[in-house]
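Undergrad: give me the fold of what follows.
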Amino acid sequence: VHGGVAEPAAAAAEAAMIASWAEGRSSPSPAAAEPQLPGEPSDGMMELLAMSMTTSPFLALLHTPCPLAPSLCVVGGDASSLAELRAPALLTPTLGYLRQLLQTCVEIEHSTIPLYLTAAWSMDDNKSFAYNVTHGVAIEEMLHMTDAANLLNAIGGAPDIDQPSFVPRYPIVMPIINVSSSIASFSRRTYGTFEKIEVEGPAKTIATTYAYVADVLKELVAAHGEAAVFTGDPALQVNVTTRGGERTTVVTTLAAAVAALEGISDQGSGCPSPDPPGFNLSAGALGGGLAHFARFKEVLVGREYRTGDTVDSGPTGAAVAVDWSGVRRFVDDPRVEDFDAKGAAGAAARAFAGNYTKLLVALHAVFNGHPDRFMATVRQMAGLRRLADAAMATHDPRFPPNATMGVGPTWQYLAEASEWEQRGRRPR
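TA: You can find the predicted model right below:
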């Protein structure tokens, strides 16, 4: 049983084999534990929090050093005090602080993409309702990452993608709700965590940050004008439209910045709803119909939303088929160092990680002077998908030959595939 829902009986024997093996590991994965309920964290969660303090972008957001008075910071600040930021002496440190926050937001938006793509790629049926939902949300997270990078460039920052600390070490700790999210195959447990990412603690954390950035930008522009705040080169902005009509937001003005910030939050966790207070199901201005959390809920429940449904009612429309057993399986949170470098499993793990790092190098170039390369870089994802397929089809030698366990995608930074050192460890 995972997350309170029984897994298919056909997998029970193999699951027992995996559990037995995992218990014998010298360093068992924290993600093997069941998600903690809100409230006081367990001893295991405290250990996970300590381990992940420097690798979880969600936690990094909460601990971004603030050079301003405590009442003016995103954590513990007072919105009624933000007018104080209009002081001329605070313009430079405030913009520096916003750049740090937006860099972390770029990292957060990116960190969900491997989670969602792995779940999608592990499904046997890549034309299913669940696959289309999961893959579609992953693409929209790529657009969120791009909008966050556009915002950072707009205020004179430089998105730092190709560098060692950009890629988190999975599992990622989710603050507030006390759960972690792993690189894992499609399952009810995995999908339950996805829903929490989009609507509960993590979503509120980043949505609060985006709202704070918008409010601070309004104060700075009111005091100093747009030219003093939006100092970035407009030529760095990425302007693309997907086949589905969804667009990135070109940010050169306050109005565009606010639209981008609100759009990212709405598409993930729903649009604000004044009556009743809370959020509705809409993805908002960025498109996609339903917010991410609502699309994940449809898969979990096995039903679509229909007119009249609400957040509280859940989806009550037409049933949709979801095959929870048709997946390729592997040990959660795989790493290159888990496998013998001379074996087939090690070669598959290293090939994926190396090409993933090269993809980050390409994205870094896109956001730092070559926005015209965006679509070509996105197409590199097809090559990464093929490597993921090859890895999952490669037997994990730590299991008996009759165990259908492959090698999971290793979303990991490899220094030899990076250009960070050649750039002098600088974004540009």
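Undergrad: drop to CA atoms for contacts and neighbour counts, all remaining ones
TA: Will do.
Undergrad: so which helix or strand takes in the residue nearest to residue 157 when sequence neighbours are not counted?
TA: Leaving out its chain neighbours, the residue that sits closest to residue 157 by Cα to Cα, 6 or more residues apart in numbering is residue 99, at 5.8 Å. Using DSSP states H and E, the element containing residue 99 is helix 91-121.
Undergrad: same question, residue 377
TA: Using DSSP H and E, residue 377 maps to helix 374-392.
Undergrad: quick one: contacts for residue 256?
TA: For residue 256, the contacting residues are 249-250, by Cα atoms under 8 Å, 6 or more residues apart in numbering.
Undergrad: just checking, it is part of a helix?
TA: Yes - counting by DSSP: H, G, I helix; E, B strand; the rest coil, residue 256 is found in a helix.
Undergrad: pLDDT score for it?
TA: On pLDDT, residue 256 comes in at 96.
Undergrad: quick one, helices of the stretch 101-250 of the chain?
TA: Taking DSSP state H, counting those that start in this stretch as the test, the helices found in the stretch 101-250 of the chain are 129-154, 188-199, 201-224, 226-229.
Undergrad: what's the closest of those to residue 74?
TA: helix 201-224 (6.3 Å; Cα to Cα).
Undergrad: return the alpha-carbon coordinates of that closest one using PDB.
TA: Taking C-alpha atoms only, helix 201-224 is exported to PDB below (Å, rounded to 0.1, in the frame of the first residue of the first chain):
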ATOM      1  CA  GLY A 201       2.900  23.900   0.600                       C
ATOM      2  CA  PRO A 202       5.400  24.100  -2.300                       C
ATOM      3  CA  ALA A 203       2.900  25.900  -4.600                       C
ATOM      4  CA  LYS A 204       2.000  28.300  -1.900                       C
ATOM      5  CA  THR A 205       5.700  29.000  -1.200                       C
ATOM      6  CA  ILE A 206       6.500  29.900  -4.700                       C
ATOM      7  CA  ALA A 207       3.200  31.700  -5.300                       C
ATOM      8  CA  THR A 208       3.900  33.800  -2.300                       C
ATOM      9  CA  THR A 209       7.300  34.600  -3.700                       C
ATOM     10  CA  TYR A 210       6.000  35.600  -7.000                       C
ATOM     11  CA  ALA A 211       3.300  37.800  -5.400                       C
ATOM     12  CA  TYR A 212       6.100  39.400  -3.300                       C
ATOM     13  CA  VAL A 213       8.300  40.100  -6.400                       C
ATOM     14  CA  ALA A 214       5.300  41.700  -8.100                       C
ATOM     15  CA  ASP A 215       4.500  43.900  -5.200                       C
ATOM     16  CA  VAL A 216       8.200  45.000  -4.800                       C
ATOM     17  CA  LEU A 217       8.500  45.700  -8.500                       C
ATOM     18  CA  LYS A 218       5.400  48.000  -8.300                       C
ATOM     19  CA  GLU A 219       7.000  49.900  -5.400                       C
ATOM     20  CA  LEU A 220      10.300  50.300  -7.200                       C
ATOM     21  CA  VAL A 221       8.700  51.400 -10.500                       C
ATOM     22  CA  ALA A 222       6.500  53.900  -8.600                       C
ATOM     23  CA  ALA A 223       9.600  55.500  -7.000                       C
ATOM     24  CA  HIS A 224      12.200  55.200  -9.800                       C
END
